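S.K.: Build me a model:
(one chain, ligands or ions: 2)
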Amino acid sequence: MADIIKLLPDHVANQIAAGEVVQRPASVVKELMENAIDAGSTSIKLIIKDGGKTLIQVVDDGVGMSETDARLSFERHATSKISSAQDLFNLETKGFRGEALASIAAIAHVDMQTRTADNEVGIHLKIEGSKIVSQDVVATPKGTSISVKNLFFNIPARRNFLKSNQVELRHITDEFHRVAMVHPDIEFHFYNNGSEIFNLPSTKHRQRIVHVFGSKMEHRLVPVNEETEVVKVSGFICKPEFAKKSRGEQFFFANNRYIKSPYLHHAVVAAFEGLIKSDTYPGYFLFLDVDPSSIDINIHPTKTEVKFDDENTLYAILRSTIKHSLGQFNVAPVLDFDHDPNLDTPYSYKEKGAVIPKVTVDATFNPFQETSARKSTGSGFHKQSTKGWEDLYEGLGNQNDNHEFSSVVIESESEEQGTLYTGQDAEEHMAGTFQLRRKYVVSTVKSGMLVIHQNRAHERILFEKFLGEITVKEGVSQQLLFPLELTFNKQELGVLKEIKESLTNIGFAFQSLEEETVKVTGVPMMVPESGIGTVLDRLIADYMEGYADGSISQAEMLAKALSRNLAVRTGDVLDQESQLTLVNNLFACKEPTLSPFQKITYTIISEGDIDKKFN
Ligand code: ADP
Ligand code: MG
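M.R.: Numbering: from 1, shown residues only. Ligands and ions are numbered 1, 2, ... in the order given. Model prediction:
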């Protein structure tokens, strides 16, 4: 048999490598910025168009490349950064694989201009799909400028897989933050579609964080400093009272490289234990310096996962260092979180499966008791369709004609309903509702007992309400007598601008979204004035998280976030009137059975099931 093994041609090998190195425009941004830093630049410019799909350009003032180096830099495993395996254990640079430029050039149109200090003129190279298509001499400042256009032009499947421009821009911004944060001494500029979104002057760590995340950071940061034989820890943690519902402002850097480490994250969270609520996350910006030979960054091509030799010791040091900082800076436990507990999100519910309610008997409940709440509350339930509610009665025999049904919808138009039914029927029709363990609302239906999960049911109701308002723009706004001033950072402002129209539709009014300080002049009827800041913060966080991984519409995303943040919680006491409203509004929904997060909203325990318990 003939030999069948062949070496892959370079351009094919490069494309395969690109699959690992370049997942999306943000990966290109990371590689180009890291190269610029390795080149000793003092000023770096990042220019993006259309979420990086049209253009990603990085301009630096670093050492530049000679003609030979420029051509070589696009070859695979061509690197100036290591020359022997031994060097791998003493990495001072970000790059070392010599793979990035070769990979990028295999799947995009690349344009490079570069000049070293001792050359009068620079070199201009154009490369398309790994081939050099032109080479000229060019007058250019010292340093390197690389433009990457039409990313994935030759891999349509990958190109189609890219998310919207905003989502890609968000990933790029994340990479930009990570790089900018470890190099406060380097000046950075970031332009998106022609406008400057970041202008970061050369400074120190603390100020860099403030420049990146907004001036509100100024008062939140507590310094962390510890030097041991194993590790030097420096950086900042955010005061516990600013812990957020979202992950986001959490950064670990090991030897000046952004890393992800769930294990070390846990160490930080453990240090905050008792100081923050269990469903919030502390903000931190921590820089770990370890002996380069005790850390292996080679285990993943995108290099954010690392392996430390002695993780357990690191964990312990980190935890005690942070506790120490929290104590030293007198960050006392914050018990009053200064916000409406009604706005707390039971995140844990997302993970739990549908709950089969345990029926416990409330000895005080008397279904025959006349409740005043049965009278009309004037909030107009009867105008809404009660189709869903009606369905509960389908196929249950003929006892219920429409006339009777109308009295079961608890807010009856009939004032004399109490006298309409006697004997056995009375039970079904006269039963009100009651609340079980501040979690369920229980009512009687023909087939047995209806048990509604109050939080999920309310989420469903609000979800449909907001979805309707966002699309038909009918939200009722309550004007604030004194506009409320809230501060947001650039990224949050960006999100606010993106969702402004939808927010306006549901009743929010803003004076302007150009400055960090935003004046809110109106809010939806539902939102209490004291909770506006919290609601907007969480809305932005939910939106950033949800929009990044899901592909659902903006309206749906927002309606979900709003419903989650505004729905009544487990633990909230509902008065009789609210219970009735909840029941009626739930069954006026288009999809009453599931919460917007696909959890069961109610269940019916049949009379048969109850009977069985007595056998
Ligand atoms: P690596 O960074 O792993 O060495 P790259 O493919 O990213 O591999 O880059 C290959 C080589 O090209 C680098 O080692 C460096 O010598 C050179 N190079 C890349 N970008 C720049 C730049 N902006 N300025 C100067 N040299 C650069
Ligand atoms: Mg590199």
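
S.K.: In stretch 42-52, which of the residues would be classed as buried?
M.R.: Ser43, Ile44, Lys45, Leu46, Ile47, Ile48, Lys49, Gly51, Gly52 (16 or more other Cβ atoms under 10 Å). Every C-beta, even on glycine, is put in place using the N, C-alpha and C of the backbone.

S.K.: same thing with stretch 229-246?
M.R.: Neighbour-count burial for stretch 229-246 flags 230-231, 233-246 (criterion: 16+ other Cβ under 10 Å).

S.K.: how distant is the helix or strand containing Leu562 from the center of its chain?
M.R.: In the assignment (DSSP states H and E), Leu562 maps to helix 554-566. Mean-position distance between helix 554-566 and its chain equals 13 Å (Cα atoms, centre = their mean, to the nearest Å).

S.K.: just checking, what packs against the next helix or strand after that helix?
M.R.: Next helix or strand after helix 554-566 toward the C-terminus (DSSP H and E): helix 576-587. Judged by 3 or more Cβ pairs under 8 Å, 6 or more residues apart in numbering; DSSP states H and E, helix 576-587 is in contact with helix 387-391, strand 433-436, strand 440-445, strand 448-453, helix 454-472.

S.K.: C-alpha coordinates for helix 576-587, PDB please?
M.R.: What follows is helix 576-587 as a C-alpha-only set of coordinates in PDB (Å, rounded to 0.1, in the frame of the first residue of the first chain):
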ATOM      1  CA  GLN A 576     -56.600  39.600  50.400                       C
ATOM      2  CA  GLU A 577     -57.100  42.100  47.600                       C
ATOM      3  CA  SER A 578     -53.700  41.500  46.100                       C
ATOM      4  CA  GLN A 579     -54.200  37.700  46.300                       C
ATOM      5  CA  LEU A 580     -57.400  38.100  44.200                       C
ATOM      6  CA  THR A 581     -55.700  40.400  41.800                       C
ATOM      7  CA  LEU A 582     -52.900  37.900  41.400                       C
ATOM      8  CA  VAL A 583     -55.300  35.000  40.700                       C
ATOM      9  CA  ASN A 584     -57.400  36.900  38.200                       C
ATOM     10  CA  ASN A 585     -54.500  38.600  36.400                       C
ATOM     11  CA  LEU A 586     -52.600  35.300  36.100                       C
ATOM     12  CA  PHE A 587     -55.500  33.700  34.300                       C
END
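
S.K.: what's the angle between that helix and strand 448-453?
M.R.: Here the directions of helix 576-587 and strand 448-453 differ by 90 degrees (axes from the mean of the first three to the mean of the last three Cα atoms, to 10 degrees).

S.K.: low-confidence ranges in the protein?
M.R.: 17, 82-92, 95-96, 297-303, 330-431, 546-552 (pLDDT under 70).

S.K.: What residues does it have near ligand 1?
M.R.: Within the chain, the residues that sit near ligand 1 (Cβ under 6 Å from any ligand atom) are 31, 35-36, 39, 60, 62-65, 73, 78-81, 95-102, 144.

S.K.: quick check: longest strand of the chain.
M.R.: strand 477-487 (DSSP state E).

S.K.: Contact partners for the residue nearest to Leu221 when sequence neighbours are not counted?
M.R.: Using Cβ to Cβ, 6 or more residues apart in numbering and skipping residues adjacent in sequence, the residue nearest Leu221 is Phe236, 4.1 Å away. Phe236 sits next to His205, Arg206, Ile209, Leu221, Val222, Pro223, Val224, Tyr284, Phe285, Leu286 when contact means Cβ atoms under 8 Å, 6 or more residues apart in numbering.

S.K.: Check the burial of the closest residue to ligand 1 within the stretch 451-600 of the chain by counting its neighbours.
M.R.: Sorted by distance to ligand 1 under Cβ to the nearest ligand atom, the residues of the stretch 451-600 of the chain start with Lys490, at 25.8 Å. Other residues near Lys490 come to 16 when the count uses other Cβ atoms under 10 Å.

S.K.: what's the spacing between it and Thr79?
M.R.: 35 Å (Cβ to Cβ, to the nearest Å).

S.K.: cool, Val445 as well?
M.R.: From Val445 to Thr79 the distance is 72 Å (Cβ to Cβ).

S.K.: cool, Val520 as well?
M.R.: 52 Å.

S.K.: now Ile16
M.R.: Counting by Cβ to Cβ, the gap from Ile16 to Thr79 is 18 Å.

S.K.: show me what contacts the residue nearest the centre of the chain?
M.R.: Geometric centre of the chain, nearest residue: Glu545, 2.1 Å, by Cα atoms, centre = their mean. Going by Cβ under 8 Å, 6+ apart, Glu545 touches Ser246.

S.K.: Can you report phi and psi for the nearest residue to Phe242 once chain neighbours are set aside?
M.R.: The shortest distance from Phe242 to any non-neighbouring residue, by Cβ to Cβ, 6+ apart, is to Arg220 (4.8 Å). Torsion angles at Arg220 (phi, psi; degrees, to the nearest 10) stand at phi -100, psi -20.

S.K.: does Pro223 really touch Ser325, like I thought?
M.R.: Yes - between Pro223 and Ser325 a contact is recorded at 6.8 Å, counting by Cβ atoms under 8 Å.

S.K.: Between those two, tell me which one has more neighbours.
M.R.: Ser325 (20 against 13).

S.K.: coming back round to it: distance of the residue nearest to Leu221 relative to Ser320?
M.R.: 17 Å.

S.K.: Kindly report the same for Ala108.
M.R.: Look at Ala108 and Ser320: by Cβ to Cβ, they are 47 Å apart.

S.K.: neighbour-wise, which of these two wins?
M.R.: Neighbour count, other Cβ under 10 Å: between Ala108 and Ser320, Ala108 has more, with 25 against 13.

S.K.: Run a quick neighbour tally on the residue in the stretch 101-250 of the chain positioned nearest to ligand 2.
M.R.: Among the residues of the stretch 101-250 of the chain, Leu101 lies closest to ligand 2, at 6.9 Å counting by Cβ to the ion. Leu101 has 27 neighbours, counted by other Cβ under 10 Å.

S.K.: Looks to me like it is in a helix.
M.R.: Yes - according to DSSP: H, G, I helix; E, B strand; the rest coil, Leu101 belongs to a helix.

S.K.: residues contacting it?
M.R.: Contacts of Leu101 by Cβ under 8 Å, 6+ apart are Glu31, Asn35, Ser73, Phe74, Ala78, Val110.

S.K.: In contact with the fourth one: list those residues for me.
M.R.: Same thing as Phe74. Phe74 makes contact with Leu101, Ala102, Ala105, Val110, Leu125, Ile127, Ser130, Ile132, according to Cβ under 8 Å, 6+ apart.

S.K.: what kind of secondary structure is the residue nearest to the fifth one when sequence neighbours are not counted in?
M.R.: When you say that, I think you mean Leu125. Excluding its sequence neighbours, the residue lying closest to Leu125 (Cβ to Cβ, 6+ apart) is Met112, at 4.7 Å. Put simply, Met112 is strand when judged by three-state DSSP.

S.K.: Number the residues from 18 up from this point.
M.R.: Sounds good: first residue 18 from here, last item Met129.

S.K.: Wait, Met129 touches Ser162, no?
M.R.: Yes - judged on Cβ under 8 Å, Met129 makes contact with Ser162 at a distance of 7.1 Å.

S.K.: What about ligand 2: which of the contacts of Leu118 touch it?
M.R.: Asn52 (Cβ under 5 Å from the ion).

S.K.: out of the contacts of Leu118, who has the most neighbours?
M.R.: Glu48 (27 neighbours).

S.K.: What is the neighbour count of Leu575?
M.R.: 23.

S.K.: got the contact list for it?
M.R.: Leu575 neighbours (Cβ under 8 Å, 6+ apart): Phe483, Ile487, Ile516, Ser519, Leu520, Ile523, Leu556, Tyr560.

S.K.: would JSON lines of those residues with neighbour count be doable?
M.R.: As requested, the contacts of Leu575 are exported to JSON lines (neighbours: other Cβ atoms under 10 Å):
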{"residue": "Phe483", "neighbour count": "27"}
{"residue": "Ile487", "neighbour count": "24"}
{"residue": "Ile516", "neighbour count": "21"}
{"residue": "Ser519", "neighbour count": "23"}
{"residue": "Leu520", "neighbour count": "22"}
{"residue": "Ile523", "neighbour count": "26"}
{"residue": "Leu556", "neighbour count": "22"}
{"residue": "Tyr560", "neighbour count": "22"}
